[in-house]
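Enquirer: The sequence and its predicted three-dimensional model are supplied below.
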Amino acid sequence: MARPFLADPYFVKKAMEGRELDINTCIGCNQACLDHTFKGKRASCLVNPLACYESEFRITPIAGPSDKRRIAVIGAGPAGLAASTTAAERGHDVVLFEASGEIGGQFNMAKTIPGKEEFYETLRYFNRRIEQTGVDLRLNTRADVATMKSEAFDAVVSSVVVSSRLV
């Protein structure tokens, strides 16, 4: 059970409290845990970037109302999902823009590969986090300069990285 604890260090606590839907699930990718370990690097986790960095990066609530920011996050792939829910958890007002009709980005392609059904669990987890943190999710919505200006965002996070292509 080592990798599941990297994905969610509160796995046991959440399970004991009957909060199974709040558990972030290991997707068995081995990219940031085992691959890093074999290369002599610090282990981490693809679905929990804070794994093994907890003492260096602390997620703390904003100090007060004057610190609250209106933040736009563009792209609801794994990076955008983590950025938006973390900012909202801290107390910011967050709008997450996604051009497609579902969250997940490239995970939506990966989850269709036989044996990679765990990717559905990551998306389940982030759907839950969006609900819990109050992120304003706007599916089927392209973020453009006019929208960014008209909604007066204090900060914009771009997490649009790749596009699928057939080879």
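Expert: Arrived safely, thanks for sending.
Enquirer: residues contacting Arg42?
Expert: His36, Cys52, Tyr53 (Cβ atoms under 8 Å, 6 or more residues apart in numbering). To be clear about C-beta, it is placed using only N, CA and C from the backbone, and glycine gets the same treatment.
Enquirer: Return a ChimeraX selection command for the buried portion of those residues.
Expert: Typed into ChimeraX, the line below selects the buried ones among the contacts of Arg42, using 16 or more other Cβ atoms under 10 Å:
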select :36,52
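Enquirer: Kindly present the contacts of Arg42 as CSV, with separate columns for secondary structure, pLDDT and distance to Arg129.
Expert: Shown next, in CSV, are the contacts of Arg42 (DSSP: H, G, I helix; E, B strand; the rest coil; pLDDT from 0 to 100; distance: Cβ to Cβ, whole Å):
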residue, secondary structure, pLDDT, distance to Arg129
His36, helix, 90, 25
Cys52, coil, 92, 21
Tyr53, coil, 91, 19
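Enquirer: List just the nearest of the contacts of Arg42 to Thr60.
Expert: Nearest to Thr60 among the contacts of Arg42 is Tyr53, at 14.6 Å by Cβ to Cβ.
Enquirer: Which of the three states applies to the closest residue to that closest one other than its chain neighbours?
Expert: Using Cβ to Cβ, 6 or more residues apart in numbering and skipping residues adjacent in sequence, the residue nearest Tyr53 is Ser44, 6.8 Å away. In three-state terms, and counting by DSSP: H, G, I helix; E, B strand; the rest coil, Ser44 is coil.
Enquirer: Could you measure from Asn127 over to Cys26?
Expert: 18 Å (Cβ to Cβ, to the nearest Å).
Enquirer: Between those two, which has more neighbouring residues?
Expert: Cys26 (24 against 16; other Cβ atoms under 10 Å).
Enquirer: so the more buried one makes contact with Glu118?
Expert: Yes. Look at Cys26 against Glu118 with Cβ atoms under 8 Å: they come within range, at 7.0 Å.
Enquirer: OK, contacts around Val95?
Expert: When contacts are counted by Cβ under 8 Å, 6+ apart, Val95 is found next to Arg70, Ile71, Ala72, Val73, Val135, Asp136, Arg138, Glu151, Phe153.
Enquirer: hmm, 6 Å instead?
Expert: Ala72, Asp136 (Cβ atoms under 6 Å, 6 or more residues apart in numbering).
Enquirer: State the helix or strand in which it lies.
Expert: Using DSSP states H and E, Val95 maps to strand 93-97.
Enquirer: separation between the residue positioned nearest the centre of the chain and Ala99?
Expert: For the chain, the residue sitting closest to the mean C-alpha position, by Cα atoms, centre = their mean, is Ala82 at 2.4 Å. To Ala99, Ala82 is 18 Å away according to Cβ to Cβ.
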